[in-house]
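>>> Structure, please.
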Amino acid sequence: MRLFENADYSLIPNRRVGYVISGTLLAISIASLLVRGLALGIDFRGGYEFVVGNTQGLNTVEVRSALTGPLGGQPEVKTYGDTGLLIRASVEGEAQTTEVQNLILSTIRQEFPNASPEIEKTSVVGPRFAEDLKRGAIYAVLGALLVIFLYILVRFEWRYSVGAVAALVHDVTITLGIFSILAGVVPFSMQIDQGLIAAFLTIVGYSLNDTVVVFDRVREYVNLFKTEAFPEIVNKSINATLSRTVVTSVTTLIVVSVLFIFGSEVLRGFSFALIIGVIIGTYSSVFVASPTLVELNRRLEQPA
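Numbering: from 1, shown residues only. The predicted structure is shown next:
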């Protein structure tokens with residue numbers, strides 16, 4: 001992109017603007033996570049999963065709205081194949097599987113007289129299994145951050161590791177905060193399930209890729225411009241990689257946006273998480289990871 005071909009923007013000198021933006025987003029996200037929490041799917045809270053056949057032509061939003069009252073909470077309703085619906089619900093009390101099945105079938109028949117629904121598949125996720133999945137998801141994210149810290153530590157040094165992990169924690173926290181804020185507001189499911197965990201790990205990988213490109217250029221320029229101050233070297237490095245960063249981010253956004261717009265209901269939450277992650281990840285490699293490296297270098301008062 002010619003706009004960034006010979007970029008010379010004062011990004012590091014104006015990094016405090018980034019501090020304000022990131023601080024505000026993090027404060028809002030953490031407040032929402034503490035107050036509203038996250039809408040967990042049955043993967044992480046237990047519940048029932050049904051594949052209901054002979055439901056072609058039914059709108060998933062209308063079905064979700066019709067089932068919310070009878071089931072005592074908003075279920076997750078997605079298209080399944082050409083003629084089916086995937087319904088996930090967590091029902092309060094000691095309701096038996098057959099009771100929930102009959103409740104779903106009777107409600108759909110009553111609200112949509114033209115449909116002839118039938119249960120094709122049933123799965124039950126118990127509370128203990130759901131707790132194990134939740135624990136495994138947390139370990140997966142924390143493990144990924146630890147491995148990334150060690151990888152950057154080996155490839156660069158500890159200050160670069162801290163900057164990279166700070167950016168990743170920033171990205172995941174804000175993305176989770178957005179999911180917390182928008183749950184129940186947007187017309188598609190924002191429940192956190194195993195698919196969303198995969199999306200968060202993808203965001204971590206994407207953000208890390210951008211950060212490593214900038215850090216690699218910093219290391220190169222440190223040896224090339226030995227008489228310049230470290231903040232100037234970092235700023236020069238960001239500008240040198242800005243064209244690559246923007247082109248990669250825009251092309252990735254185009255793909256995930258198409259997936260979000262034209263993909264099925266099953267992929268809507270996943271693709272939305274990737275859209276947010278790409279935007280936040282691109283921002284954090286410039287305004288979080290690099291400034292963190294500069295601040296650590298300044299406090300230690302020694303060359304990188």
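>>> For the strand or helix carrying R128, which helices and strands make contact with it?
If you go by DSSP states H and E, R128 is part of helix 127-155. Helix 127-155 is packed against helix 42-45, helix 158-182, helix 194-224, with contacts defined by 3 or more Cβ pairs under 8 Å, 6 or more residues apart in numbering; DSSP states H and E. In short, each C-beta sits where N, CA and C put it, glycine included.
>>> Run through the strands of the stretch 1-150 of the chain in chain order.
With DSSP state E, counting those that start in this stretch, the ranges of strands along the stretch 1-150 of the chain come out as 47-53, 76-80, 84-89, 118-125.
>>> Among the ones you listed, show the one with the smallest mean pLDDT.
Between those, the lowest average pLDDT goes to strand 76-80, which shows a mean of 80.
>>> Could you list the residues in contact with that strand?
Strand 76-80 has contacts (Cβ atoms under 8 Å, 6 or more residues apart in numbering) with 41-42, 51-52, 60-61, 63-64, 67, 85-89, 189, 191, 264-266.
>>> Next, the buried residues of that strand.
Judged by neighbour count (16 or more other Cβ atoms under 10 Å), strand 76-80 contains these buried residues: E76, V77, K78, T79, Y80.
>>> what comes up buried for the longest helix anywhere in the chain?
Longest among the helix segments of the chain by residue count, using DSSP state H, is helix 230-262. When neighbours are counted by 16+ other Cβ under 10 Å, the buried residues of helix 230-262 are found to be 230-231, 233-243, 245, 248-249, 252-253, 256, 259-260.
>>> So, low pLDDT: which residues of the stretch 201-304 of the chain?
The stretch 201-304 of the chain contains residues with pLDDT under 70 at 301-304.
>>> Show me which of the contacts of strand 76-80 are buried.
Neighbour-count burial (16+ other Cβ under 10 Å) is assigned, among the contacts of strand 76-80, to 41-42, 51-52, 60, 63-64, 67, 85-89, 189, 191, 265.
>>> Minimum distance to L11: which of the helices and strands packed on helix 127-155 has it?
When the helices and strands packed on helix 127-155 are compared by Cβ to Cβ, helix 194-224 sits nearest L11, at 10.6 Å.
>>> Off-centre distance for the closest one?
In terms of Cα atoms, centre = their mean, to the nearest Å, the gap separating the centre of helix 194-224 from the centre of its chain is 15 Å.
>>> So which elements touch that helix?
Contact here means 3+ Cβ pairs under 8 Å, 6+ apart; on that basis helix 194-224 packs against helix 127-155, helix 158-182, helix 230-262, helix 268-284, helix 290-300.
>>> Find the nearest non-adjacent residue to E49, please.
Beyond its immediate neighbours in the sequence, the residue positioned closest to E49 (Cβ to Cβ, 6 or more residues apart in numbering) is S123, lying 4.2 Å away.
>>> With distance to D216 as added columns, please give the helices and strands packed on helix 194-224 in a markdown table.
As requested, these are arranged in a markdown table below (distance: least, Cβ to Cβ, whole Å):
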| stretch | distance to D216 |
| --- | --- |
| helix 127-155 | 9 |
| helix 158-182 | 10 |
| helix 230-262 | 9 |
| helix 268-284 | 17 |
| helix 290-300 | 12 |
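>>> What about G57, how many residues nearby?
Other residues near G57 number 8, with proximity taken as other Cβ atoms under 10 Å.
>>> ok, now which ones touch it?
Counting by Cβ under 8 Å, 6+ apart, G57 has contacts N114, A115.
>>> Can you tell me how far the closest residue in space to S10 that isn't next to it in sequence is from A289?
Excluding its sequence neighbours, the residue lying closest to S10 (Cβ to Cβ, 6+ apart) is N235, at 6.9 Å. Between N235 and A289 the distance is 13 Å, computed by Cβ to Cβ, to the nearest Å.
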